[in-house]
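Chemist: dropping a prediction and its sequence here:
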Amino acid sequence: MANSSMVTETEGVCKVYLKIENFTYQNVELLVMKDLCSDVLIGHDILNRHSSAEIGFDGNRPPLTICSLAVAQVPPVSLFSNLNPDCRPLVTKSRRQTVEDNIFMALEVQKLLQEGVIEPIFSKIDLQSVYHQILIQDSERHYTAFEACGKLYQFLRVPFGVTNGVACFQRVIDKIIEDERLTLTYPFIDDVTVCGKDQKEHDDNLEKFMTVAKKYNLTLNEDKCTYSSNTVHLLGYIMQEGIIKPDPERLKPLRDMPLPKDSSALQRALGMFAHYCQWIPGFSKKIRPLLGKKQFPLSRDAVLTFNSLKDDVANAALATIEDDIPFRVETDSSDFAIAATLSQAGRPVAFFSRTLHASELRHSSPEKEAYAIVESLRHWRHFLMGKHFEVFTDQQAVAFVFNQRHGSKIKNEKLIRWRLELASFKFDIIYRPGKQNVIADT
């Protein structure tokens with residue numbers, strides 16, 4: 001069998017006491033393989049150095065047999081051979097976060113953007129290696145096991161890149177700030193924004209956070225920290241003295257984006273515009289000339305719309321929301337869309353618009369106006385619930401139906417349901433003729 005060859009798989013690793021002539025090897029690792037024609041497979045490099053070999057195993061073993069091979073192909077040993085075939089890795093692009101964690105992080109972004117930087121002075125703190133501060137429960141550590149140098153290891157603390165690590169740390173830092181009762185301190189993962197109405201309040205809040213960071217062994221990346229500033233770049237936005245706008249540097253790809261030359265390029269452009277739809281008043285109406293286009297090059301109206309939307313995003317700015325200023329909701333509808341503007345003291349803080357679905361397109365004109373109010377209040381429920389605000393509409397009949405001070409009887413069941421739903425809000429509805437209702441015009 002000197003010229004024969006063999007291909008086999010490994011089933012594990014064992015450690016043996018190996019004696020070759022007068023030399024002893026302790027704890028030698030041997031690969032356990034199947035389908036062997038002999039008990040032990042020794043390479044020619046060892047046989048060339050020794051004329052005979054003696055291998056001792058624990059317990060009784062039958063006499064060794066000799067089977068000479070010219071070639072032996074053995075893949076590296078796998079330490080995960082006992083895993084269920086349905087197992088999937090913890091860290092893959094499609095499994096980064098669960099649906100619940102994605103929703104949680106989206107709400108955290110909105111919370112930070114809408115509540116975070118309304119004060120004139122703030123500092124941005126960058127935390128270093130924050131995931132490594134979080135211990136993993138003993139019962140969950142085996143989920144992080146990995147193979148290196150023929151051995152299995154597992155993380156004791158949350159590693160970077162692990163599934164749901166982002167949402168995990170966000171919950172931890174939120175709880176720390178809540179438990180320590182830190183005020184005007186807004187975290188987003190490893191970036192923490194500390195605010196103040198004046199320099200003294202800012203310094204006091206910053207000192208409290210530094211004390212808490214030391215208490216929980218949170219280390220700072222001083223090279224990325226910004227102190228006592230009135231402008232901050234965060235999450236792709238610029239925040240300055242109560243105003244939020246997209247970061248021009250982040251908008252450069254959008255500003256330089258050429259006219260779409262095919263359907264795929266148009267879909268990518270529509271996706272970018274949709275990301276900034278909350279910054280564009282009447283977005284649903286403005287983008288309509290670009291929807292469903294299959295002929296290229298684009299028509300003149302579509303080109304004008306494309307360039308106009310790029311300008312709208314580049315010049316967009318919203319005021320941050322302040323708790324002590326009452327809200328105003330201004331709504332409008334068209335044949336195919338509804339729109340609304342949320343403002344404080346005449347400054348828009350949010351826009352909302354969307355096209356109507358097929359069933360909604362069959363609503364009458366007053367029903368569409370009423371539906372614009374219902375949808376906008378649903379959309380901004382987290383801002384408006386528990387507060388008194390004003391609603392403006394250009395439909396006098398809708399203003400009468402939704403007037404909470406009148407107990408008028410309604411025969412339209414759809415309007416009755418909507419009126420009952422809006423009963424949980426506290427608002428005054430005001431009729432304003434269409435010519436004056438230009439802010440929320442779809």
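Modeler: Thanks, I have the structure now. Numbering: from 1, shown residues only.
Chemist: check which residues of stretch 240-249 are buried.
Modeler: For stretch 240-249, the neighbour count (16 or more other CB atoms under 10 Å) marks 240, 242, 244, 245, 246 as buried. Where C-beta positions appear, they are placed from N, C-alpha and C, glycine not excepted.
Chemist: how about these in CSV, adding distance to residue 16, pLDDT and secondary structure?
Modeler: Output for the buried residues of stretch 240-249, formatted as CSV (distance: CB to CB, whole Å; pLDDT from 0 to 100; DSSP: H, G, I helix; E, B strand; the rest coil):
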residue, distance to residue 16, pLDDT, secondary structure
240, 70, 75, strand
242, 73, 70, coil
244, 68, 78, strand
245, 69, 80, strand
246, 66, 81, strand
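Chemist: what would those residues look like in CSV with distance to residue 324?
Modeler: Putting these into CSV (distance: CB to CB, whole Å) gives the following:
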residue, distance to residue 324
240, 20
242, 13
244, 19
245, 23
246, 27
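Chemist: from these, pick the one nearest residue 204.
Modeler: Ranked by distance to residue 204 (CB to CB), the buried residues of stretch 240-249 are led by residue 242 at 20.8 Å.
Chemist: was I right about that closest one contacting residue 317?
Modeler: No: Residue 242 is beyond contact range of residue 317, at 10.5 Å (criterion: CB atoms under 8 Å).
Chemist: where does this protein have low pLDDT?
Modeler: Counting by pLDDT under 70, the low-confidence segments of the chain come to 1-9, 11-12, 20-21, 34-119, 150, 235, 241, 407-408, 434-442.
Chemist: which stretches of the stretch 101-250 of the chain form helices?
Modeler: With DSSP state H, counting those that start in this stretch applied, the stretch 101-250 of the chain shows helices at 165-179, 199-215, 248-255, listed in chain order.
Chemist: outside of the next helix or strand after the last one itself, list whatever touches it.
Modeler: In the C-terminal direction, the helix or strand that comes right after helix 248-255 (DSSP states H and E) is helix 263-275. For helix 263-275, contacts defined as CB atoms under 8 Å, 6 or more residues apart in numbering pick out 254, 257, 260, 280, 283, 287, 290-291, 293-294, 306, 309, 313.
Chemist: let's go with 6 Å and repeat that
Modeler: By CB atoms under 6 Å, 6 or more residues apart in numbering, the list of residues contacting helix 263-275 from outside reads 254, 260, 309.
Chemist: the helices of the stretch 101-250 of the chain: which one's closest to residue 404?
Modeler: The minimum distance between residue 404 and those falls on helix 165-179, with 35.2 Å, by CB to CB.
Chemist: could you check the angle helix 199-215 makes with that closest one?
Modeler: The directions of helix 165-179 and helix 199-215 differ by 120 degrees, with axes from the mean of the first three to the mean of the last three CA atoms, to 10 degrees as the criterion.
Chemist: next one: residue 347 from residue 300, what distance?
Modeler: Distance check for residue 347 against residue 300: by CB to CB, to the nearest Å, it reads 35 Å.
Chemist: buried stuff in the strand or helix carrying residue 373?
Modeler: In this structure, residue 373 sits in helix 365-379 according to DSSP H and E. Under the neighbour-count criterion of 16+ other CB under 10 Å, helix 365-379 has 366-377, 379 buried.
Chemist: mind putting those residues in a markdown table, distance to residue 228 included?
Modeler: Shown next, in a markdown table, are the buried residues of helix 365-379 (distance: CB to CB, whole Å):
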| residue | distance to residue 228 |
| --- | --- |
| 366 | 54 |
| 367 | 53 |
| 368 | 50 |
| 369 | 48 |
| 370 | 49 |
| 371 | 47 |
| 372 | 44 |
| 373 | 43 |
| 374 | 45 |
| 375 | 42 |
| 376 | 38 |
| 377 | 39 |
| 379 | 36 |
